[in-house]
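>>> give me a model of this one.
(one chain, ligands or ions: 2)
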Amino acid sequence: MTYVVLMGGPGAGKGTQAKRLRKELGLPQIATGDLFRENLRNETELGKLARTYMDVGELVPDEVTVAMVKERLSRPDCANGALLDGFPRTINQADALQTLLAEMCEKVHIAPYIHVNPDILLKRLAGRWTCSDCGHVYHVLFNPPQQAGICDIDGSPLYQRVDDTEATQKRRIEVYFEQTAPLLDYYRDKELLVEINGEQSIEQVHEDLVQAIRNTD
Ligand code: ADP
Ligand code: AMP
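Ligands and ions are numbered 1, 2, ... in the order given. Down below sits the predicted model:
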C-alpha cells in the first residue's frame, strides 16, 4: 500500500502530476477540489455548500472535507493506496487523515512537496484550461492543447475554472500560505517531506516524483 500526499501551492502542478502518476503507479487520484466540483455539477447539498467557499478562494470547513475523504478512501479502488491531491490543507485535516489511515492500519508514506514560487503560481493559474469531460489540465503557454480550446485526449471543449479569476487566485495563494504551508513542517518533522523542484518541465517533475515515491518502497 502507498499513500502519497502531494503538497504544493495552488497551480504548483499537483493535478497535472497526479494524473500521470495515477497511470504509472496504478493508484487512484483523490483530488478534493475535483470531488467538490463533481458535487457542484450534480447540484448536491455538499456542492452548494462548497461553492460558497470555493468561489471566494476560502477553504471548505474541515468537518465536511474530512467526511468526504473518509467516504472516498473506503471505496475498493483505494485498496492499494491513493494519491491525495489538495488534501490535507490544514493541520486539522492532516491529523484527521492520520487517524483515518491508522483505523485501516495504514499511514502516509511520503509527502512530496512540489515547490513553485508564488509569482509563477499566479501565471500558471491565469493560463489554466481544463477539459470539461476528462479533467485533463492544459496551460495556454506552458502546456497548450494541439487545437485551442479542445482537449487532445477526447476532443471535448476546455473551460476556465470559475475560481480562476484574478481576485480568487490571489486569495487562494494567501490561504495556502496561512493555512496549508504549516503542513510542510508537519510532514518534515515526520521525515515524510521530499522537496521537488516544481519549476522544471512537467516531464522532469514527473521523473523526480516517480523516483522519490519508488525510493519509499
Ligand atoms: P494544482 O493542481 O497544483 O493547482 P495544476 O496541475 O492544475 O496545479 O497546474 C496549474 C497550471 O500549471 C496548469 O495550467 C498546468 O498545465 C500548468 N503546469 C503544471 N505543471 C507545470 C510545469 N511543470 N511547467 C509549466 N506549467 C505547468
Ligand atoms: P483545488 O481544485 O485543489 O484548487 O481546490 C479548489 C477549491 O476547493 C479550494 O479553493 C477550496 O475552496 C476547495 N478545497 C479543495 N480541497 C480542499 C480541502 N482539502 N480543504 C478545504 N477546501 C478544499
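
>>> contacts, neighbours, all on C-alpha from now
Noted.

>>> before we move on, what SS does the closest residue to residue 126 other than its chain neighbours have?
In space, and not counting its chain neighbours, residue 126 is closest to residue 164: 6.6 Å by C-alpha to C-alpha, 6 or more residues apart in numbering. Secondary structure assignment for residue 164 (DSSP: H, G, I helix; E, B strand; the rest coil): coil.

>>> now swap in residue 114 and tell me
Residue 114 ends up strand, using three-state DSSP.

>>> neighbours around the residue nearest to residue 126, how many?
Number of residues near residue 164 (other C-alpha atoms under 10 Å) recorded here: 19.

>>> surely it meets residue 123?
No - Residue 164 is beyond contact range of residue 123, at 10.9 Å (criterion: C-alpha atoms under 8 Å).

>>> what residues does stretch 39-47 touch?
36-38, 48, 50-51 (C-alpha atoms under 8 Å, 6 or more residues apart in numbering).

>>> ok, stretch 161-170 next?
54-57, 122, 125-126, 129-130.

>>> quick one: buried residues of that stretch?
163-164, 168-170 (16 or more other C-alpha atoms under 10 Å).

>>> name the SS class of residue 145, please.
coil.

>>> over to residue 43?
With three-state DSSP as the criterion, residue 43 reads coil.

>>> any idea how far the residue nearest the centre of the chain is from residue 46?
By C-alpha atoms, centre = their mean, the chain has its centre lying nearest to residue 85, at 2.8 Å. Using C-alpha to C-alpha, to the nearest Å, we find residue 85 at a distance of 19 Å from residue 46.

>>> is stretch 47-58 in proximity to ligand 2?
Yes - judged by C-alpha under 6 Å from any ligand atom, stretch 47-58 and ligand 2 are in contact via 53-54, 57-58.

>>> err, stretch 113-126, not the other one
No - under the criterion of C-alpha under 6 Å from any ligand atom, ligand 2 is not reached by stretch 113-126; the shortest gap measures 9.3 Å.

>>> then that stretch to PDB, C-alphas only?
C-alpha atoms of stretch 113-126 as PDB (Å, rounded to 0.1, in the frame of the first residue of the first chain):
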ATOM      1  CA  TYR A 113       6.400  19.000  -2.000                       C
ATOM      2  CA  ILE A 114       6.200  20.400  -5.500                       C
ATOM      3  CA  HIS A 115       7.900  23.700  -4.800                       C
ATOM      4  CA  VAL A 116       7.000  26.700  -7.100                       C
ATOM      5  CA  ASN A 117       7.400  30.400  -6.300                       C
ATOM      6  CA  PRO A 118       4.300  32.500  -5.800                       C
ATOM      7  CA  ASP A 119       4.800  34.700  -8.900                       C
ATOM      8  CA  ILE A 120       4.900  31.600 -11.100                       C
ATOM      9  CA  LEU A 121       1.900  30.100  -9.300                       C
ATOM     10  CA  LEU A 122      -0.100  33.100 -10.400                       C
ATOM     11  CA  LYS A 123       1.000  32.800 -14.000                       C
ATOM     12  CA  ARG A 124       0.100  29.100 -14.000                       C
ATOM     13  CA  LEU A 125      -3.400  29.700 -12.600                       C
ATOM     14  CA  ALA A 126      -4.100  32.500 -15.000                       C
END
